[in-house]
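Asks: When you get a sec, could you give me coordinates for this:
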Amino acid sequence: MSSAQLRAARPTGLRDLRRLVRYGLAGGTAAATHFGLLALLVEVAGRQPVTASAVGFLGGLVVSYLLQRRFVFATGHAHGHTLPRFLTVVGLGLLLNTLVLFVGTGVLELHYAWVQPAAFALVPLNNYLLNSLWTFR
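Replies: Below is the predicted model:
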C-alpha cells in the first residue's frame, strides 16, 4: 500500500486532529514571527512600535500562509489560486474580530478584556474552517 493510500485509509477524525494541531503550530509560529520582528525593529533598529508591529504582522502573515499552504493543508494549488482566498479569509477574520468587539463593548457594554477572548476563540476557528473548506481546496 502506498503512503497516499495509507493516509487515505486513516480515520478522518485523526487526520483532522493532526491538521488542527498543525494549524495551531503554524499560528504560533506566525505569532512568534510577528512579535520577533516587532521587538527586533523597536529594540535594535529603533523604529516606532506601530510601524514595527505592522511589519511584524506582514511577516507573520507570510509565515502563516506558507505554513498553512504546505504544512497544514498540503495543497498543490498555485499561489494565484490560494493567496487571494487566504487574504480574503484574513480580511473576514479582521471583520469578525471587529464585529465581536463592537457588539461586546458597544452594544452589550462589556469590558473589552471579557470580549476579546471570545474573538480570540471565534476568529481562528472561522479561519480554520474557511481555509480548510475553501482556501486550500
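Asks: Would you map the strands across the protein?
Replies: Counting by DSSP state E, no segments of the chain form strands.
Asks: Show me where it has its helices.
Replies: 3-9, 12-39, 49-67, 79-101, 112-130 (DSSP state H).
Asks: Deepest-packed of the ones you listed, please.
Replies: Highest mean neighbour count among those (mean count of other Cβ atoms under 10 Å): helix 49-67, with a mean of 17. Every C-beta, even on glycine, is put in place using the N, C-alpha and C of the backbone.
Asks: May I have that one as PDB, with CA atoms only?
Replies: Extracted in PDB, the C-alpha atoms of helix 49-67 (Å, rounded to 0.1, in the frame of the first residue of the first chain):
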ATOM      1  CA  PRO A  49       6.200  50.300  17.700                       C
ATOM      2  CA  VAL A  50       3.200  50.900  15.400                       C
ATOM      3  CA  THR A  51       5.300  50.700  12.300                       C
ATOM      4  CA  ALA A  52       7.200  47.800  13.600                       C
ATOM      5  CA  SER A  53       4.100  45.900  14.500                       C
ATOM      6  CA  ALA A  54       2.700  46.500  11.000                       C
ATOM      7  CA  VAL A  55       5.900  45.000   9.500                       C
ATOM      8  CA  GLY A  56       5.700  42.200  12.100                       C
ATOM      9  CA  PHE A  57       2.100  41.500  11.100                       C
ATOM     10  CA  LEU A  58       3.000  41.200   7.400                       C
ATOM     11  CA  GLY A  59       5.900  38.900   8.300                       C
ATOM     12  CA  GLY A  60       3.600  36.700  10.400                       C
ATOM     13  CA  LEU A  61       1.100  36.700   7.600                       C
ATOM     14  CA  VAL A  62       3.700  35.400   5.100                       C
ATOM     15  CA  VAL A  63       4.800  32.700   7.500                       C
ATOM     16  CA  SER A  64       1.200  31.800   8.200                       C
ATOM     17  CA  TYR A  65       0.300  31.500   4.500                       C
ATOM     18  CA  LEU A  66       3.400  29.400   3.600                       C
ATOM     19  CA  LEU A  67       3.000  27.100   6.600                       C
END
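Asks: And the contacts of it?
Replies: 25-27, 29-31, 33-38, 40-42, 45, 47, 82-83, 86, 90 (Cβ atoms under 8 Å, 6 or more residues apart in numbering).
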